[in-house]
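Undergrad: Just to be clear, the model below is a prediction. Sequence and coordinates:
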Amino acid sequence: MPQDPLSPLSSAEIPAAVNAAFVHQPVWDMHTHLYPPTFGTPVTNATGQMDPNGHMLWGVDELVTYHYLVAEVYRVQPASSFPYEQFWQLTRAQQADHIWKYLFVERTPISEACRGILTTLQKLGLDPNEKTLAPYRKFFSQQKPDAYIDRVMQIANVKTITMTNPVFDDNERQRWLGAPDIGNDPRFRAVLRIDPLLRDYPAAAGKISTWDYPAAAKPDAESMRQIRRFLGDWLDRQKAIYVAVSLPPEFRYPALPGDALGLAGQAVLEQAVLPVCAERKLPFAMMIGSRLRVQPGLRDAGDMVGQADIASVVNLCRDFPKNKFLVSMLPRENQHELAVAARKFSNLMIFGCWWFLNNPSLVDEITRMRVELLGTSFVPQHSDARILDQLVYKWDHSRRWIADVFAEKYQDLAATGRHVTQENIQRDARLLLHDNFAEYVTR
Ligand code: RAT
Ligand code: ZN
């Protein structure tokens, strides 16, 4: 490889240069469900402190009981032989033992979610061939959460972790109210998550009314003022960098009678959420396409994907030009239309390949299509990690998949006679893994 980062690379040199650039580029992970130790941890560890309802999840029992794996173990140990309620009554460690036995010992752990755990263990210096979880438990019990976050972030090369902070979750809300500096960990940023306000307005109005923001069941002008005040107070408290909601496939804008948002939700979106975001120059993030609990017995693992409506996203981007939208869609079938929509609206930033899309074949296909339609102007991935240690595998795998796509694209570019240099590649890796998001939230 040439020493000079400005000199042209040969086609044969490109893959290694791209791989190195993506591996060395620190990431701003723009959507996770991770928390710093100030939110408490239910995991037994070397500090000896344990908070059963704590939010900071990490360690092997949490990794192995990730909801993706709960769904997968029910493929091989069906509910007819192991009823869901029996599984939920087990302790976390017993659930993990069950999943390890059936997915990792008695079967080949070849799915992406299983392989991810093995990558994580390997990169932490552990042998992924153990028959029981005991050796891993020993390793994790020796870790101190705060230092362990640094270690994981260093291995995963993640610079900043974006949390998801659901304000209607009582446990979460109480923690913010009880400790005003809870969100001050410089490694983490907060996001105000407001699903009930848009998806179940009457219940949300009832709640915020008891929190001193009186809002009528049918929102009137005064209710809107109170909701804006509520949002403003929480954005200040959390120092949130965007506002977020997850929406079902049925979401439509404008709302149809009886649809997901309903007229009240739409009014709150138009008259409270979007004006507050616009005034503060904060993006509004919509993750669209998950249908909750089609298999209730599986709890978090029981959600389904369903085709969403991009025309609704287009309507919002056009009708609210002062707002910035961050959008990720769950169905594979929506990805092309969504990428085309982003060509029309500079206030639409598309991001990530989440959940059922977080697989090599789909990330490859979607990233390829996005580059072809949008160049480097998108955010290719977020981890959606719920358990700290998942950062290790999610970013190791994603970086490789994304780098493979870009290596081929740079080779195509080099074939035109256009010079491709290390400097070009590093600049693009910086945009894709960090700056596109960082600049979008601050612009
Ligand atoms: O990816 C997930 O873990 C899902 O369960 C959802 O939480 C989704 O990420 C969301 O933020 O709604
Ligand atoms: Zn999420």
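TA: Sure thing, it's come through. Ligands and ions are numbered 1, 2, ... in the order given.
Undergrad: How many residues are close by the residue in the stretch 101-250 of the chain positioned nearest to ligand 1?
TA: Per CB to the nearest ligand atom, residue 246 is where the stretch 101-250 of the chain lies closest to ligand 1, at 3.6 Å. Every C-beta, even on glycine, is put in place using the N, C-alpha and C of the backbone. For residue 246, the count of nearby residues is 20 (other CB atoms under 10 Å).
Undergrad: just residue 249 next, same as before
TA: 20.
Undergrad: wait, it sits on residue 329?
TA: No. Here residue 249 lies out of contact with residue 329, judged by CB atoms under 8 Å, at a distance of 9.4 Å.
Undergrad: What residue spans form the domains of this protein?
TA: What the record gives for the chain is the domain set 14-38+146-442, 40-141, from automatic domain parsing.
Undergrad: Including mean pLDDT, could those go into CSV?
TA: Formatted as CSV, the domains of the chain follow (pLDDT from 0 to 100):
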stretch, mean pLDDT
domain 14-38+146-442, 97
domain 40-141, 97
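Undergrad: quick one, strands of the stretch 1-150 of the chain?
TA: Ranges of strands within the stretch 1-150 of the chain are 27-29, based on DSSP state E, counting those that start in this stretch.
Undergrad: Mean neighbour count, the domains of the chain: which tops it?
TA: Highest mean neighbour count among these (mean count of other CB atoms under 10 Å): domain 14-38+146-442, with a mean of 19.
Undergrad: so how far is that domain off the chain centroid?
TA: In terms of CA atoms, centre = their mean, to the nearest Å, the centre of domain 14-38+146-442 is set 6 Å apart from its chain centre.
Undergrad: same check, this time on stretch 55-63
TA: Mean C-alpha position of stretch 55-63 versus that of the full chain (CA atoms, centre = their mean) differs by 16 Å.
Undergrad: ok, residue 112 touching residue 361?
TA: No. Contact between residue 112 and residue 361 fails when scored by CB under 8 Å: they sit 9.6 Å apart.
Undergrad: For the closest residue in space to residue 46 that isn't next to it in sequence, grab the count of nearby residues.
TA: Leaving aside its chain neighbours, residue 46 sits nearest to residue 144 (4.9 Å; criterion: CB to CB, 6 or more residues apart in numbering). Using other CB under 10 Å, residue 144 is surrounded by 15 other residues.
Undergrad: Could you give the backbone dihedrals for residue 144?
TA: In terms of degrees, to the nearest 10, the main-chain angles of residue 144 are phi -100, psi 130.
Undergrad: List the contacts of it.
TA: Under the criterion of CB atoms under 8 Å, 6 or more residues apart in numbering, the neighbours of residue 144 are 45-47.
Undergrad: any idea how far the residue nearest in space to the middle of the chain lies from residue 88?
TA: The residue lying closest to the centre of the chain (CA atoms, centre = their mean) is residue 384, at 2.7 Å. Separation of residue 384 from residue 88 (CB to CB, to the nearest Å) stands at 23 Å.
Undergrad: do residue 52 as well
TA: Distance from residue 52 to residue 88, by CB to CB: 16 Å.
Undergrad: next one: residue 159
TA: 37 Å.
Undergrad: now residue 387
TA: With CB to CB as the criterion, residue 387 and residue 88 are 18 Å apart.
Undergrad: now do residue 255
TA: 35 Å.
Undergrad: What of residue 12?
TA: On the measure of CB to CB, residue 12 and residue 88 end up 54 Å apart.
Undergrad: Settle this for me: residue 137 is touching residue 61, isn't it.
TA: Yes. With contact defined as CB under 8 Å, residue 137 and residue 61 form a contacting pair (7.3 Å).
Undergrad: can you list residues touching both of those two?
TA: With CB under 8 Å, 6+ apart, residue 137 and residue 61 have common neighbours residue 93.
Undergrad: What helices and strands are in contact with whichever strand or helix holds residue 151?
TA: Using DSSP states H and E, the element containing residue 151 is helix 145-156. Packed against helix 145-156 by the contact rule (3 or more CB pairs under 8 Å, 6 or more residues apart in numbering; DSSP states H and E) you find strand 158-162, helix 390-414.
Undergrad: how long is stretch 334-353 end to end?
TA: Terminal residues of stretch 334-353 lie 12 Å apart, using CA to CA, to the nearest Å.
Undergrad: If you could redo that for stretch 302-321, that was the one I meant.
TA: So stretch 302-321: terminal residues 36 Å apart, CA to CA.
Undergrad: what residues does that stretch touch?
TA: Contacts for stretch 302-321 (CB under 8 Å, 6+ apart): 71, 247-254, 274, 278, 286, 288-296, 323, 325, 327, 329-331, 333-334, 337-338, 341, 344-345, 347-348, 355-356.
Undergrad: taking those residues one by one, which sit in strands?
TA: 247, 286, 288, 290-291, 325, 327, 329, 348 (DSSP state E).
Undergrad: and this protein, which residues reach ligand 1?
TA: 164, 246, 287, 300, 354-355, 384, 386 (CB under 6 Å from any ligand atom).
Undergrad: Which of these fall in helices?
TA: Members of the residues of the chain next to ligand 1 lying in helices (criterion: DSSP state H): none.
Undergrad: Show me what the nearest residue to the residue of the stretch 101-250 of the chain closest to ligand 1 once chain neighbours are set aside is bridged to.
TA: Sequence neighbours aside, residue 287 is the residue nearest to residue 246 in space, at 4.6 Å (criterion: CB to CB, 6+ apart). For residue 287, the beta-bridge partners are residue 246, residue 328 (DSSP bridges).
Undergrad: In contact with residue 287, which residues are there?
TA: When contacts are counted by CB under 8 Å, 6+ apart, residue 287 touches 31, 244-247, 327-330, 354.
Undergrad: can you check residue 360 too?
TA: Applying CB under 8 Å, 6+ apart to residue 360 gives the contacts 112, 397, 401.
Undergrad: Turn the residues you listed into JSON lines, columns for distance to residue 210.
TA: Putting these into JSON lines (distance: CB to CB, whole Å) gives the following:
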{"residue": "112", "distance to residue 210": "43"}
{"residue": "397", "distance to residue 210": "44"}
{"residue": "401", "distance to residue 210": "46"}
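Undergrad: and which of the residues you listed is nearest to residue 370?
TA: residue 401 (12.5 Å; CB to CB).
Undergrad: can I assume the closest one is in contact with residue 364?
TA: Yes. When contacts are counted by CB under 8 Å, residue 401 is listed as touching residue 364 (5.7 Å).
Undergrad: doesn't residue 393 make contact with residue 383?
TA: No. Applying CB under 8 Å, one finds residue 383 not in contact with residue 393, separated by 9.2 Å.
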